[in-house]
Structures are given as C-alpha cells and as structure tokens.
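Colleague: 3D, please:
(2 chains)
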Amino acid sequence: MSNRFTPENIRKDFARNRVLYAMAIPIIAYFVLFHYMPMYGVIIAFKRFSPAKGFSGSEWVGLTHFVSFFKSYYFWRLLRNTLLISLYSILWGFPAPVILALLINELRRAPFKRTVQSLTYIPHFVSQVVVAGMLIEFCQKTGLFNDLRAFLGLERISMLQRPGLFRTIYVGSEIWQEVGWGTIIYLAALAAIDPQLYEAATIDGAGRWKSMLSVTLPSIMPTVVILLIMRIGKIMTIGHETIILLYNPLTYETADVISTFVYRKGLLEFNWSYATAVGLFNSVLNFGFLLSANAISRKVNQTSLW
Amino acid sequence: MKRNLGFLLVAAVLASVLCLPVWAGGKGESKAAAREVSLWRRMPSDLTTLYTNMAETPYAKEIEKRTGVKVTYIHPTEAQRLEQFNLMVAAGDLPDMIQYSWFENYPGGPARAIEDKVIRPINDLIEKNSPNLKAYLAKNPGTDKLLKTDESKYIGYPDVRLTFTGGYGNIIRKDWIEKLGMELPQTVDEWYAVLKAFQAKFTKHPLTGTALSGSRSPVKNHFLFGAYGIWWGWYVDGGKVRYGQSEQAFRNVMSIYRKWYVDGLIDPEIVTNDKKAWEAKMLNGQAGVTVGWEGSSVGQWLEAMKGDPSFNVEGLANPVSKRGEKSFAESVDGGIGWPTAVTTKARNPEACATFADYGYGEKGHMLQNFGVEGETYTLENGVPKFTDLVYKNPKGLNSKQVMELYLRAADEGMIINDRRFQDLEYFRPQQQAAMKRRTFSTAGDHNFPSVSLTTKEGEELAVIMTEVQTFVEEAFVKFLTGITPLEDFDGYFKKLDDLGIKRAIQIQQAAYDRFVAR
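Modeller: Below is the predicted model of the structure:
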C-alpha cells in the first residue's frame, strides 16, 4: 500500500481498467471544457472587459468591481435574500425527498409504488417557464390558491404582490418540482440495505416504525450527509430563471437575489466584468460554506466528502 | 478480445462526438459571395406565427430581386432579444449588419459600440455607396444630427420616424362615456369624475394595464405626469435635462395616484397582469381605461369586437391641469428608430450599403412604405391606396400581418416613414380622432434626444442608474399601494440624492449640450 503510486502500478492499473478510463474520458473532457477552461475568464473580474480588446487586452482595474458591489445600496439586501431563500429551501426542501423515499420504501405493492414514483418525479422535467406560468395563474386573485383560501373562508389576495409570501411560493414550487427526482438516489441507497438486517430486527421484535428508525435511517445516513454537504456548497446559488419570471417591484424586497442581480448587470447591461466579479464573490462564499460543512461533518459523524 | 472491442467502441463513439462541433463549425466558414449579406434583426411581431424567417416573405424576395443582394436573416427569440444580442457581442460572433435598439439597450449607446469595435462608422459607405441616404441627409439636417456621434461618425442606416403622430396614449371605452352622458375628460379632476362614474356603473376597477414599465403601463408615463409639468424618466425643459422622478412635482403625481388607488379606481393587479390578462380585462368590460397603441390595441380590439356594436374605444390626450391646455406628451417618434449598423466583421460593406441604401431612394421608398404596386397598393391621382389584399385578405390574415409581409413601415427597417402610410394604417375614425387630439400637445419640446456618452461617462451613468431605477420602480409601487406612506417622500428624495441622481443628471446634461452644439 505504501508504494501505491509507483509508475509500474499506475501502468498496470491503466492496462487493467482501460475501458473504465475510456468511459471516464467524456466526463473529464466535459469538466475540462466547460468548468476548468472557462475559469480563465474569471480574470475579467479584475479588468475592464471590452470584447474588442479581448481577455488579455483589456485593462486591469484591480478590485474596483468588488468594491463597487460591496458599497452598492442593495448589497446587504441581496446577500440577505440569497441566504434566506437558500436556508428555507434547505430547511424544508432537503428533508422532503428523504421522507418521501422512506414512505415509498414502505409501500408493498410494486405497481402502486412505481406510479407514485413516476408521478412525483415528472415535475422535474417541466420547464421553469411553464412552472412560473402556472404559479402566476394559481396566485392570481381568481386562481387556484385563492380558491382554496376562499374555501377556507380567507380573503382573496394577489399573492405575487406580497413580499412576505414570495419565499414560501418559491420554495414550495421548488419542492414540488424536485422532490420526486431527489428520491431516486435515496431509493438506490435503500435498495442496497442488507435484508438480513430487517430479519434480525423483526426477530428482535421491532415493528415497521422501529425498523425504519433503527435500520433504514442509519443505513442511508451517509448518503444523506454527503448530499447535505454538497447542498450547502451551493447555498449561494439560486437559479435566476424562476425568480425573474415571478418577481416584480413589489416583491424585490424579498425576491431580488445575487443571481438575478448578476443577470441584470451582465446580460442586460453589458457590465460583464462587474457581473463576473459578483459571480466570483458568490463562488468563493459557496466554497467556504462547502469546506466548513465538510469539516464539521468529519468531526461530528465521521462522514465527509474527503 | 472482448475487452479490446469494448475499448474500440467507446473510443469510436467518443471520437465522433468530439468531431461533431468541428464539422458544424467548418460549414459556416465558407466565404460569402460578393453580393451576400447577413442581417440580424427581430422577426416582425405579427409574423411569428406564420413564418420562421423573414427570407420567406414576399418583401425579402422583392428587395433581393431589385438590389441583387442576397440577404440571410438572423432572428433572435423575441423574449430574449437583449440576452442573445449580448452573447453575440461578447462572443464576437457578428453578422454583417445588426438592427438593434442601440440607444436604449447598448450601454453608452452606439458611440460606445463603435469604440468597442462592434460596429463601424459608415461615413465612407454613405459617401461612396449610399447616394440616396446621402442626398436625404443633405436635405434633412435634423436627421443628420441624430445619426452622428459627437465625433461626426455615422452610426448606421436610420429608421426615420415621423414627428409626433399621437399613435400611442390613453384609451377609453367611449360607449361607456356616451351611456353616462358625460364628456370626454381633459383635466385631472374630470378624469377622476369619469373613473368614479365608470366604477359606479360598470366595473369595480376601471383603470388597468400591465406591469409598471413598457408600453402597456398606464400608471407610468401616459397619465398624470404631464399635468404636473414633469415626465417619467429623462426629458428636457427649456434646455435643462431633468429626471422626472427626482422632481418635487412627483410627490403631487403620487398623491393623486394614491387617492385613485385607495378609491379602487386602479386595478389592484396592475403590477402582475400579463398581456393576456390585460387584454381580456379590456375586452370583457372588467376595465374601461388603459394605454396602448392605435394599431396593435385599438385597431385589433375594434376588429375583435366587430360582433358587439356597443363596444367602442377611442384614444385620448394626456390629462392637463386646465381645460384647453396643450397636453404634455412624449414624442416617442420623430427620431431615427432602431438604426441598422454595419459591423466590424462585415464581409462586404459595399453590398451592405447597396442593400441598405435602396429604401431611401424613390422606388425603394414606395416599396418600404406601401409594398408592390398593383399587388398591395394602387395609385389614385398619385395617392397610394392599399388593395383588398391588405384590407380583406383572402387568406384571412389581418392587415398588420399583410403589411409586415410586404413592406417595412408597419414594423421597422431602413426606411423613411411616410405620413400617407400612417393615414392608411390608422384609417378608422376613432384612430383619426385620437391622433388629432393627441397632437395638440407640447410633444417635441421635451424630448430627450439620443445623445452619445464617452466610455467613462457611460460606465458611471450605468452604475448610478441601475440602482436608481430599481429604487424608483420599487418606490413607485410602494407609494401607490400604500406600503410606504406619502409622508416619507422627503426620505425618498434624500435617498435619490445619496444614490447620485445629481451626478447622473450632470452627465446627461453635458452629453445633451454636446448634442445641441453638433
């Protein structure tokens, strides 16, 4: 084990696993092409980028763009909104697929199980634009959600004009869309649990609830933790598409996040350098969160990404 | 052996995948023939359901036949026009010509685009290859001035608009007014009385629109601002550049809007209505007042409601402070529209010029404005009249669609718009009356022209205005809906100062002074 990486061993390994390596090439190529090479472009965060002069020709401006972002009137609001939406979506959205996977796992009839599974992950394939369109329709005074409110004896309100409701609507729709898709990986983990464990538990007198708690949950815990760490690494990343389709000046207060700001700056106002600087700031924060989550998890429950 | 086969298979698949983009890239590189030009422009909005590319339209075929220049049209998706333009520029992947909202949507305007080496000045092309445009500019110094940067560089081929025609503004249910036996409102108080009466008799929330910006937004520009002597956004007052939302009178405007809102006169869903909801509200009587265009709103609504003789809408001028006063109106027209620029990557600038210049000549002028003689129009005593192909299309197309198929006056192009076209397009008595009413205005006196900014000015202004615009839009709806009480207006003006509005006005004033001095 000590001389694992000798040239001899590496050569042997390649010879033995060449098909696996060949299969990995497209993935590696994808990451190199679309994730590593574009990193070079990050330098424009420190430049005044002009397409005519190109990446290398544009003049250096140091941290100007970062400073003007930090000094921006909306900086704290953007940061707060981004973190809060993300936090809520982890708080409510992360456990949802775990719970659903456990529930599906308890289902005994295969056809029913498969139907539930398909139905819950179909929304994943619906375009954001369509989802936003549906939400706008449902949130109108005459829409579905207001019909429900009226049925419960509540007043009809224009839901998309209420800053206080925006996070709920956004996070709710996200859960609806992704919950089924998210269960797939847990169901795979559940399938890998040794049936003998359940037999042993049954012999020891555990019911379904008890075996779920003492067998199922601990068995998928490492998967849950890894996914949670990875989710925390994306805490600053909120897709701008849905938000842009849903927000309006009345809800900017809770809905305007860093990614929508970058979109407006970069894609609508041509301020590529500024947008890149903000994006870079975002990634650095994400990276920081990922590292801390990983470190904490390694200490607390010995499960970590590395 | 089996393992080797697997390896080969994977390698083969991989190789083919990696090669694909190479082949695709190779195709586009073929050198264009001397008379080929590519033009990036939006698809005329009423044609999107009929055609996918303008090259298929009779117009494109006709102009190709006449100029001998083969044009490849490239259209962005309408909803993503700005993003797609931006990506195209950032990637440096430019067509020969681009028709774009350079002044509104290229930060720093076309002068900056020239500096960024996205487009080239066309002084040489006008001088040598565009005799028609050259002659027109010599005779029309006003257009000439608009088409140049401060350094006298021509930015592109203009879409010369008519001076203020009044084709856009307030629209009201005239039949409701008649049923109530009221007069068409002029002053702010009369508007209030009419809205109140509409509310009592016809609908809960008579005034509607969509969102707060854009041409279907009544609470933005086309209602009350003018009555208080200001305007939404940039305007000019006796040589001084002003920003309407930073003027004290904005407070008065908002207090009226607030009163209307509290009384329920304004549709509470105005912030979230989309085009569909807005149109439905106007057509099924849930609302009776809004803003819009004479062609795409009034014309189409009257067309759609032909079966209901009681439905009648008509355009009105903006409210004034005293009866008989000239109204304050935005001269949305009168400029050079969306000029078509020649890019720095143009393969055959001369061919671009030949194609572009055609529309400014005598024959080209008729094609751009009226189409093909004998097909879309006939001349009666020298006056063009559209044929039944346009008005009663055998294929059931509406007149706007036919116009967009055969000529360019109905959307945008490299054209000098002809007033006679306007008369043909807005032929209904309601539309004629509206235009007459609205042109009794000070439009033109307050117009902030398309100025050029230096790179530094452009950047500074962009930084300030991004925040100002977000802030102002938010403040507007908050005052309107009462989230922020009107008493907080002092704080509002203070904040606007902190955001640097004074500096922004200074920049615009300097640019405006340079423009005047051109």
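Colleague: which strands and helices sit next to whichever strand or helix holds B:Ala60?
Modeller: Secondary structure from DSSP states H and E places B:Ala60 in helix B:58-67. With contacts taken as 3 or more Cβ pairs under 8 Å, 6 or more residues apart in numbering or on different chains; DSSP states H and E, helix B:58-67 sits against strand B:70-74, helix B:349-357, helix B:362-370, helix B:399-406. Where you see a C-beta, it was placed from the backbone N, CA and C, and this is true even at glycine.
Colleague: Need the contact partners of it.
Modeller: With Cβ atoms under 8 Å, 6 or more residues apart in numbering or on different chains as the test, helix B:58-67 has contacts from B:54, B:70-71, B:73, B:354-355, B:358, B:363-364, B:367, B:371-372, B:405-408.
Colleague: right, and out of these, which lies closest to chain A?
Modeller: The nearest member of the contacts of helix B:58-67 to chain A, counting by Cβ to the nearest Cβ, is B:Tyr73 at 23.3 Å.
Colleague: Strands along chain A, start to end?
Modeller: Taking DSSP state E to define them, one finds strands in chain A at A:47-48, A:59-60.
Colleague: Count the residues that sit near the closest residue to chain A within chain B.
Modeller: Per Cβ to the nearest Cβ, B:Lys117 is where chain B lies closest to chain A, at 3.4 Å. B:Lys117: 16 surrounding residues under other Cβ atoms under 10 Å in any protein chain shown.
Colleague: Same check on the one 3 residues further on?
Modeller: Other residues within reach of B:Arg120, judged by other Cβ under 10 Å, total 21.
Colleague: Over to A:Thr168?
Modeller: 14.
Colleague: try B:Arg419
Modeller: 11.
Colleague: Let me know how buried B:Ile98 is, in neighbour terms.
Modeller: Neighbour tally, B:Ile98, other Cβ under 10 Å: 27.
Colleague: name the helices or strands packed onto the helix or strand hosting it?
Modeller: Using DSSP H and E, B:Ile98 falls within strand B:97-99. Contacts defined by 3+ Cβ pairs under 8 Å, 6+ apart place strand B:97-99 against strand B:36-40, strand B:340-343.
Colleague: ok, which stretches of chain B are strands?
Modeller: With DSSP E as the criterion, chain B has strands at B:36-40, B:70-74, B:97-99, B:119-120, B:159-160, B:168-173, B:234-237, B:240-243, B:289-293, B:313-316, B:340-343, B:377-380, B:383-386, B:415-416.
Colleague: which residues of chain B score low on pLDDT?
Modeller: Applying pLDDT under 70 to chain B picks out residues B:1-34, B:211-222, B:330-334.
Colleague: quick one, domains of it?
Modeller: B:10-163+B:336-417, B:168-233+B:240-333, B:455-517 (automatic domain parsing).
Colleague: my read: A:Gly298 touches A:Ile229, true?
Modeller: No, residue A:298 isn't Gly; it's Arg. No. Contact criterion Cβ atoms under 8 Å: A:Arg298 and A:Ile229 do not qualify, at 9.5 Å.
Colleague: what touches both of those two?
Modeller: What both A:Arg298 and A:Ile229 touch, as defined by Cβ under 8 Å, 6+ apart, is the set A:Ser304.
Colleague: who's more crowded, these two?
Modeller: Counted by other Cβ under 10 Å, A:Arg298 and A:Ile229 do not tie: A:Ile229 has more neighbours, with 22 against 14.
Colleague: Count the residues that sit near the residue lying closest to B:Gly364 once chain neighbours are set aside.
Modeller: In this structure, B:Gly364 finds its nearest non-sequential neighbour in B:Tyr358, 4.1 Å apart by Cβ to Cβ, 6 or more residues apart in numbering or on different chains. B:Tyr358 sits with 22 neighbouring residues when counted by other Cβ under 10 Å.
Colleague: Likewise for B:Val463?
Modeller: Neighbour tally, B:Val463, other Cβ under 10 Å: 20.
Colleague: Which helix or strand in chain A has the lowest average pLDDT?
Modeller: helix A:54-57 (a mean of 82; mean pLDDT, DSSP states H and E).
Colleague: So the residue of chain B closest to chain A is in contact with A:Ala52, correct?
Modeller: Yes. Contact status for B:Lys117 versus A:Ala52: in contact at 3.4 Å, counting by Cβ under 8 Å.
Colleague: For stretch B:59-71, list every residue counted as buried.
Modeller: If you call a residue buried by 16 or more other Cβ atoms under 10 Å in any protein chain shown, then stretch B:59-71 has these buried ones: B:59-60, B:62-64, B:67, B:69-71.
Colleague: Okay, helices next: where are they in the stretch 101-250 of chain A?
Modeller: A:110-121, A:128-139, A:144-151, A:163-191, A:195-203, A:208-211, A:217-232, A:240-246 (DSSP state H, counting those that start in this stretch).
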